[in-house]
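Student: Sequence and predicted structure, then a few things I'm wondering about:
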Amino acid sequence: MRSLPQVDLIVVELRERAPHALVVHAARCAIDLYRTEISNGSPAPSFDEVVERAEQLLDARRRTDLQPVINATGVLIHTNLGRVPLGKRQLESVTEIARGYSNLEYDLEAGRRGSRYSHASALISTLTGAEAALVVNNNAAAVLLTLAALGTNKEVIISRGELIEIGGEFRMPDVMSMSGTRLVEVGTTNRTHLADYERAIGAETGAILKVHPSNYKVVGFTSEVPTRDLAELARGRGLPFVYDAGSGFIDDGRPASLAPGEPSINQALAEGVDLITFSGDKLLGGPQAGVIAGRSDLLGRVAKHPLLRALRVDKMTLAALEATLIAHLEGSAEELPLWSLAGVSGEELHARARHLAATLSTDDLKAEAIASQAVTGGGSLPGRAFTSWAVALNHAEINADQLQELLRGAAIPVVGRIVDDRLLLDLRSVFPEQVDVLVDLVREALAQKP
Ligand SMILES: *Cc1c(COP(=O)(O)O)cnc(C)c1O
């Protein structure tokens, strides 16, 4: 490890090739890659090899349209910015599976065709207490498939307070009609009672659906039916009770700093939900995926539906998801980037913000560390914010919009938040090693000022 060159030495070699920040980033990545390889037993590279690798990374960066950005919005699960970052172990798991062949659909014990859906399901069952589980492309797919398998040509009962739109065209009534089920709305926007559900059940009923209103909150004179009561009603009438929980919060006994009050998957299942669906890339902290967990007889019906093939999950996703689930099982979820970002103390963020502000300040650029409110985002915990610190930027010659535009064009684009004509760089969603990179990026962006 000690023979690995310093970042600066590589940067000197490549400085003509690309903007400074990009070269620094490539040099860091190359060294990190070798560090991993060395710890896996590979021999240390020569200086030239490291330079070459950094150069390759630079070239690769230029070819792809999809590129890393620095998320300085303070929104941890930012759907526009790729939702949840993946950590070292999750990525190693992806690399290991994706670089070669795997037992994706091969049963190693029996020596014949197996099922891709078998992989993460045992881990999900252990973690949530579900009898069985099935992973698909995302939670929208999980809801669509579940409804199609259980309720096509039948009625599905849902509270008027839960007919949500998540954004990006996911509207519950549309998903239900796509699945071939007939929507039966009960109750009112703010209050729905058990009797409303009871009255709506008839010969045509295929399922009762509960949806977590992830991205809004009805406050005031409200009432919803407890999960336990709905489960009992459904069981009494022989109907499946499906719950779209959205955010995928697993209660593994850790202090719920990130998810106070969020419904936990294990608890909902314990309360009698027959099938629950949730995203892999919200509070679970993993890759984009949709999980359906619960009763194995119902999942058997879901697994036989022809739509499953169109919504199927990829091996890279499964690899990252399994690593995510193992982290939760081992009680090391705080190593997942989402949880480690969320876990940084306010004092630490304050110190980083002060340092960044002091480094960035010039005669023209006023940079000030200010207290801020970060949010989880991604349709979880509406109305809840937690402590953060930001650097507020105010330039003598350009306004906040222009400054943001320049930063979007930086070698690594930086996305912040504009408040009162100041550009806020919120450090809650910025990785610690990106703070110094931000300095270079802001300076370079300002050098492009017309
Ligand atoms: C986020 C969310 C969805 C959509 O999940 P994707 O994984 O983005 O497809 C559906 N339902 C609820 C309640 C959600 O919160």
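Tutor: That came through fine.
Student: is the helix or strand containing Ala369 anywhere near the ligand?
Tutor: If you go by DSSP states H and E, Ala369 is part of strand 365-377. No. Strand 365-377 does not reach the ligand (C-beta under 6 Å from any ligand atom); its nearest approach is 10.6 Å. Just so you know, the C-beta spots here come from the backbone N, C-alpha and C atoms, and that holds for glycine as well.
Student: Mind listing residues that contact that strand?
Tutor: 74-79, 258-259, 283, 342, 350, 353-354, 356-358, 360-361, 381, 384-396, 424, 426, 428-429, 442, 446 (C-beta atoms under 8 Å, 6 or more residues apart in numbering).
Student: for this protein, where's the lowest mean pLDDT among helices and strands?
Tutor: strand 165-167 (a mean of 77; mean pLDDT, DSSP states H and E).
Student: follow-up on the earlier one: now do the strand holding Ala369, average pLDDT.
Tutor: For strand 365-377, mean pLDDT is 92.
Student: same check, this time on stretch 295-315
Tutor: 97.
Student: Report whether it contacts the ligand.
Tutor: No. For stretch 295-315, no contact with the ligand is found by C-beta under 6 Å from any ligand atom; the gap never falls below 10.4 Å.
Student: The ligand contacts on this structure?
Tutor: 138-140, 143, 166, 170, 211-212, 214, 244, 246-247, 279, 290, 379.
Student: and these, which are buried?
Tutor: Among the residues of the chain next to the ligand, those buried by neighbour count (16 or more other C-beta atoms under 10 Å) are 138-140, 143, 166, 170, 211-212, 214, 244, 246-247, 279, 290, 379.
Student: Looking at per-residue confidence, what score does the closest residue to the ligand within the chain get?
Tutor: For the chain and the ligand, the shortest gap (C-beta to the nearest ligand atom) falls at Gly246, measuring 2.4 Å. pLDDT, Gly246: 90.
Student: The closest residue to it other than its chain neighbours and Lys282, how far apart?
Tutor: Among residues not flanking Gly246 along the chain, Ser214 sits closest, at 4.1 Å (C-beta to C-beta, 6 or more residues apart in numbering). Separation of Ser214 from Lys282 (C-beta to C-beta, to the nearest Å): 8 Å.
Student: Kindly report the same for Leu406.
Tutor: 32 Å.
Student: for Val69, same thing?
Tutor: Following C-beta to C-beta, the distance that separates Val69 from Lys282 is 19 Å.
Student: What of Met176?
Tutor: From Met176 to Lys282 the distance is 21 Å (C-beta to C-beta).
Student: So which of these two has more stuff around it?
Tutor: Remark: of Met176 and Lys282, Lys282 carries more neighbours, 29 against 23, as counted by other C-beta atoms under 10 Å.
Student: Check whether that one sits in a helix, strand or coil.
Tutor: Recorded secondary structure, Lys282: coil (DSSP: H, G, I helix; E, B strand; the rest coil).
Student: Which pLDDT value belongs to it?
Tutor: pLDDT for Lys282: 93.
Student: That one contacts Gly248, correct?
Tutor: Yes. Here Lys282 lies in contact with Gly248, judged by C-beta atoms under 8 Å, at a distance of 5.2 Å.
Student: Quick one: end-to-end distance for stretch 112-128.
Tutor: Counting by C-alpha to C-alpha, to the nearest Å, you get 30 Å between the two ends of stretch 112-128.
Student: can you check stretch 335-353 too?
Tutor: Start-to-end, stretch 335-353 (C-alpha to C-alpha) is 23 Å.
Student: Could you double-check that Val51 lies in contact with Val11?
Tutor: No. Under the criterion of C-beta under 8 Å, Val51 is not in contact with Val11, lying 9.9 Å apart.
Student: picking up where we left off before, common neighbours of Lys282 and Gly248, please.
Tutor: By C-beta under 8 Å, 6+ apart, no residue touches both Lys282 and Gly248.
Student: top helix in this structure by residue count?
Tutor: Ranked by residue count, the top helix of the chain under DSSP state H comes out as helix 20-39.
Student: That helix - what's its average pLDDT?
Tutor: Helix 20-39 comes out at a mean pLDDT of 92.
Student: Quick check: which helices or strands does the helix or strand following that helix pack against?
Tutor: Counting by DSSP H and E, the next helix or strand C-terminal to helix 20-39 is helix 47-63. Judged by 3 or more C-beta pairs under 8 Å, 6 or more residues apart in numbering; DSSP states H and E, the packing partners of helix 47-63 are helix 7-14, helix 20-39.
Student: what packs against the last one?
Tutor: Contacts of helix 20-39 with other secondary structure elements, assessed using 3+ C-beta pairs under 8 Å, 6+ apart, are made with helix 7-14, helix 47-63, helix 435-447.
Student: just those helices: most buried one?
Tutor: Burial of the helices and strands packed on helix 20-39 is given as mean neighbour count (mean count of other C-beta atoms under 10 Å); helix 435-447 ranks first at a mean of 19.
Student: Quick one: list the elements packing against that one.
Tutor: Helices and strands touching helix 435-447, by 3+ C-beta pairs under 8 Å, 6+ apart, are helix 20-39, strand 70-71, helix 346-360, helix 400-408, strand 414-415.
Student: got the buried residues for the helix or strand following the last one?
Tutor: Going down the chain from strand 414-415, the next helix or strand is strand 417-419, by DSSP H and E. Using 16+ other C-beta under 10 Å as the burial criterion, the residues of strand 417-419 that qualify are Arg417.
Student: so where does Met316 fall, helix or strand?
Tutor: Going by DSSP H and E, Met316 is in helix 315-329.
Student: I meant to write Leu425 there.
Tutor: Secondary structure from DSSP H and E places Leu425 in strand 422-426.
Student: now the angle between helix 346-360 and that strand, please.
Tutor: Interaxial angle of strand 422-426 relative to helix 346-360 (axes from the mean of the first three to the mean of the last three C-alpha atoms, to 10 degrees): 130 degrees.
Student: average pLDDT across strand 422-426?
Tutor: Mean predicted confidence for strand 422-426 is 98.
Student: List the contacts of it.
Tutor: Residues outside strand 422-426 that contact it (C-beta under 8 Å, 6+ apart): 72-74, 356, 370, 372, 374, 388-394, 400, 403-404, 407, 414, 416-418, 438.
Student: one more time with 6 Å, if that's ok
Tutor: 72, 74, 372, 374, 388, 390-394, 400, 403-404, 416-417 (C-beta atoms under 6 Å, 6 or more residues apart in numbering).
Student: Now which of these would you call buried?
Tutor: By 16+ other C-beta under 10 Å, these give 72, 74, 372, 374, 388, 390-394, 400, 403-404, 416-417 as buried.
Student: Can you show me the helices along the stretch 201-350 of the chain?
Tutor: Using DSSP state H, counting those that start in this stretch, the helices of the stretch 201-350 of the chain run over residues 227-236, 265-270, 296-304, 307-310, 315-329, 337-343, 346-360.
Student: circling back to that earlier point, which parts of the helix holding Met316 are buried?
Tutor: Per 16+ other C-beta under 10 Å, helix 315-329 contains these buried residues: 315, 317-328.
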